[in-house]
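> below is the sequence, then the predicted model.
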Number of protein chains: 2
Amino acid sequence: MKKKRTTIKDIANVLNISPAAVSKALHDDSRISAKTKDAVKRVAKELNYQPNHLASALRSGKSNLVGVIVPRTNSNFFSSVIENMEEVLNKEGYNIIITQSNESFKKECDNIDTLLFTQVDGIIASMANETVDLSHYEKIKSKGIPLILFDRGENDLNVDYIGIDDYNSSHIIIEHLISKGCKRIAHIGGYRRTRIFNNRIRGYIDAINKYNLPNDDALLMESNLTLEDGRLKMEHLLTLDTPPDAVYVASDYAALGALQVLNEKHIKVPQDICLVGFGNEPFTSLVSPTITTIDQHSEQIGKIAAQTFIQRINTENWKPTLNKNILESRLIVRASSSK
Amino acid sequence: MKKKRTTIKDIANVLNISPAAVSKALHDDSRISAKTKDAVKRVAKELNYQPNHLASALRSGKSNLVGVIVPRTNSNFFSSVIENMEEVLNKEGYNIIITQSNESFKKECDNIDTLLFTQVDGIIASMANETVDLSHYEKIKSKGIPLILFDRGENDLNVDYIGIDDYNSSHIIIEHLISKGCKRIAHIGGYRRTRIFNNRIRGYIDAINKYNLPNDDALLMESNLTLEDGRLKMEHLLTLDTPPDAVYVASDYAALGALQVLNEKHIKVPQDICLVGFGNEPFTSLVSPTITTIDQHSEQIGKIAAQTFIQRINTENWKPTLNKNILESRLIVRASSSK
DNA sequence: TATATTTGCTTAAACGTTTAAGCAAAAGTA
DNA sequence: TACTTTTGCTTAAACGTTTAAGCAAATATA
């Protein structure tokens, strides 16, 4: 009475051949005749045969699962990266398991344990803000499975990395603001311990110096880049004796917070203060005024990350090594900096 | 030279007992002495034993994986539902595989195939807009694994469902608008073929009639509820001979589109036209004016969906049956309807 | 004391594949 | 013709668990 699923053996019995032959036929092994292959495939279809993924994974040592770790899925950047990764990986026969760290170090460690436990064939990750200790990532490497980082990476891990040129993005932004006549440009940046944010800060400082703009300590602030903290940092900037005439914020969310404060205080954007965000989240084109921002090429990042994984998994005796894939970022000029 | 992972056999060899005893000790079988259990657990830790998930899944027929299908992850509602689902399921030893349908029927079918192929122990899903044919969902049921639907469900499938009371939500909204003095209330709704949107439409119509408001066909429109279509439908409403003095939109995204049009045409919200959205997406409190909307209890929906799955999986010989779990929705009044 | 029950393990098969090794028949080569 | 090679399969082991069945020793019961 119990529903038994069709196995390779059932097909073998019908055709009076061995299960091994069936397996090979289904995999188009060159040592199986075309006639047998056709017969096997016909019967497989007739019996509605569905391969048991677990069995083949166990035997072959491959799960065809790729683990993905992102800070959160509800940002458009990460969800777009994932979507594009998925497309490439599905085509190659891989499925993905998405996990979220919520920017928490502990959750990230748990996620890695979970993914390793699930026997994923590799992990593609973007690190949590909190993460400083890298030992859990080393654990992945020591398992011998590919580890690919994107956006939030870390040189010390010596693995593949895909991201945009954060340092140069700051230059592009500063140059844009200067072209609009801005003379006192503030930066609400992320935490320096996170490499990408440190790069944006370095780029900001170097560009400021390059063009002989005031390099005032009060104009550079570290933030967790949430909307709320964007508000607080903007409010603080407005209390300065000489407030900035432009603010470059390292995340669209914090930029939105800053914009809210400016709107509430009836400070005109861009006339009084120009505002630039980072990330090209959809809402940047929805709010008023629309926010100038940097596009991070989420589609490309997702695709390249997936392709890199495929390459690594298909290379015998691959030894991880630092391999940075840096994309040019693109400035999207909108109302908040168009005066 | 090749890195071999520790197996149950290695532990057995160290302690000179059988692998079976080790397996039972690790599972706290009552027929294993406390002494042996302690020894096994000690050695397991020493050798850094990591259970092979695939092997146990193959043998026991359980993968401890739950498949999740959502239209997209980058809406706050779905990502919050998932987060809460995950919390409950992880505690019970389950991991989740998240897939996105992008509102596409074909992608949804593919996702189901993928999940079944991966041998998930159950599927928790919210249906794509396009989905009308239910045969692929029937496929899940015929596998005998639990299927739980949330938000976007379908009575005809006769399975567990968790969602809010869409019909009543419309009543709450209409009553709120009437209390603000609105007399001509339009509804930009979803497609009637999707149950939840049909319920919102029915609720709208019944409430309108109940309070003797104008039941004008031109005031009720079906939409795919994207931001762009929200814009189009709003523009159309403004061309009417007597435009509405309030618009209830069945999705926050479309409501935002409508708001953009109103702002661009300098029509005052809420003074000239009141606006109400649906879903409590974060941006509704970020835009200007902030948008009145309905909170869908994403946390509860996620938790209950997960708990329902756990219940089903733990009940022997469970036969799926229609079981609706309807939560009260909550109106969040903001500026767009506060005159 | 004799018998029944419980405890604590072992043995061996099973889950559904893949794959190395092997072998007979067919085809190719000298 | 006698050999080598290729073709098309089969056999059997393996992947790392779980679990039903079984058995001896320890303990409980009468």
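Looks like it arrived, so ask away.
> and the residue in the stretch 201-339 of chain A positioned nearest to DNA strand C, helix, strand or coil?
Here the residue of the stretch 201-339 of chain A nearest DNA strand C is A:E316; by C-beta to the nearest atom of the strand that distance is 13.3 Å. The way it works is simple: take the backbone N, C-alpha and C, and place the C-beta from them, glycine included. Assigned with DSSP: H, G, I helix; E, B strand; the rest coil, A:E316 falls in the coil class.
> residue numbers of the stretch 51-200 of chain A in contact with DNA strand C?
Applying C-beta under 7 Å from any atom of the strand, we find that the stretch 51-200 of chain A lies next to DNA strand C at A:51-52, A:55-56, A:58-60.
> can you report phi and psi for the residue of the stretch 201-339 of chain A closest to DNA strand C?
A:E316 has phi and psi values of phi -70, psi 150 when expressed as degrees, to the nearest 10.
> list the contacts for the nearest residue to A:E328 once chain neighbours are set aside?
For A:E328, the nearest residue in space outside its immediate sequence neighbours is A:D165; the separation is 6.2 Å by C-beta to C-beta, 6 or more residues apart in numbering or on different chains. For A:D165, the contacting residues are A:326-329, taking C-beta atoms under 8 Å, 6 or more residues apart in numbering or on different chains as the criterion.
> what backbone torsions are found at A:D165?
Geometry field for A:D165 lists phi and psi as phi -90, psi 90, criterion degrees, to the nearest 10.
> that older thread, can you put the residues of the stretch 51-200 of chain A next to DNA strand C in CSV and add secondary structure?
Written out in CSV, the entries for these read as follows (three-state DSSP):
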residue, secondary structure
A:P51, coil
A:N52, coil
A:A55, helix
A:S56, helix
A:L58, helix
A:R59, helix
A:S60, helix
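> highest neighbour count among those residues?
Using other C-beta atoms under 10 Å in any protein chain shown as the neighbour criterion, A:L58 leads those with 20 neighbours.
> I'd guessed that residue sits against B:S56; true?
No. In this structure A:L58 lies outside contact range of B:S56 using C-beta atoms under 8 Å: 9.7 Å.
> confidence score at the residue of the stretch 201-339 of chain A closest to DNA strand C?
pLDDT for A:E316: 72.
> ok, it - how many residues close by?
Residues within reach of A:E316, counting by other C-beta under 10 Å, total 4.
> mind checking how far it is from A:R59?
When distances are taken as C-beta to C-beta, to the nearest Å, A:E316 and A:R59 turn out to be 19 Å apart.
> if we can go back for a sec, could you dump the residues of the stretch 51-200 of chain A next to DNA strand C into JSON lines and include pLDDT?
Putting these into JSON lines (pLDDT from 0 to 100) gives the following:
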{"residue": "A:P51", "pLDDT": "90"}
{"residue": "A:N52", "pLDDT": "91"}
{"residue": "A:A55", "pLDDT": "93"}
{"residue": "A:S56", "pLDDT": "91"}
{"residue": "A:L58", "pLDDT": "91"}
{"residue": "A:R59", "pLDDT": "92"}
{"residue": "A:S60", "pLDDT": "89"}
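> which stretches in the stretch 1-150 of chain A count as strands?
For the stretch 1-150 of chain A, applying DSSP state E, counting those that start in this stretch gives strands covering A:65-70, A:95-100, A:122-125, A:147-150.
> DNA strand D versus the residue nearest to A:T36 when sequence neighbours are not counted, what's the distance?
Distances taken as C-beta to C-beta, 6+ apart put A:A25 closest to A:T36, at 5.6 Å, once the chain neighbours are dropped. When distance is defined by C-beta to the nearest atom of the strand, to the nearest Å, A:A25 is 7 Å away from DNA strand D.
> repeat for A:T114
Note on A:T114: its distance to DNA strand D, by C-beta to the nearest atom of the strand, is 16 Å.
> looking at the contacts of A:D165, spot the one nearest B:I294.
Out of these, the one with the shortest distance to B:I294 is A:S329. That distance is 38.0 Å, counting by C-beta to C-beta.
> got the contact list for A:F150?
By C-beta under 8 Å, 6+ apart, A:F150 lies in contact with A:81, A:124-126, A:161-163, A:301-302, A:305.
> and of those residues, the nearest to DNA strand C?
The closest of these, once distances to DNA strand C are taken by C-beta to the nearest atom of the strand, is A:I124, at 24.2 Å.
> before we move on, the earlier item: of the contacts of A:F150, buried ones?
A:81, A:124-126, A:161-163, A:301-302, A:305 (16 or more other C-beta atoms under 10 Å in any protein chain shown).
> what's the closest of those to chain B?
Sorting the buried ones among the contacts of A:F150 by how near they are to chain B, with C-beta to the nearest C-beta, puts A:V81 at the top with 10.7 Å.
> per-residue confidence at the closest one?
According to the prediction, A:V81 has pLDDT 95.
> and for the one 3 residues further on?
Among the per-residue scores, A:N84 holds a pLDDT of 94.
> pretty sure it is touching A:A306, no?
Yes. The pair A:N84 and A:A306 passes the contact test of C-beta under 8 Å, sitting 7.4 Å apart.
> who has more neighbours out of these two?
Residue environment comparison for A:N84 versus A:A306 gives the larger neighbour count to A:A306, 28 against 20, counting by other C-beta under 10 Å.
> name the nearest residue to the more buried one, ignoring sequence neighbours.
Sequence neighbours aside, A:V88 is the residue nearest to A:A306 in space, at 3.6 Å (criterion: C-beta to C-beta, 6+ apart).
> next one: A:M234
Distances taken as C-beta to C-beta, 6+ apart put A:A258 closest to A:M234, at 3.7 Å, once the chain neighbours are dropped.
> any idea how far the residue nearest to A:T36 lies from chain B?
According to C-beta to the nearest C-beta, to the nearest Å, A:A25 and chain B sit 19 Å apart.
> just checking, that residue touches A:R42?
No. Contact criterion C-beta under 8 Å: A:A25 and A:R42 do not qualify, at 10.6 Å.
> looking at these two, which is more packed in?
Set side by side, A:A25 and A:R42 show more neighbours around A:A25, with 26 against 13, by other C-beta under 10 Å.
> let's see the pLDDT reported for the more buried one.
If you check A:A25, the pLDDT there is 96.
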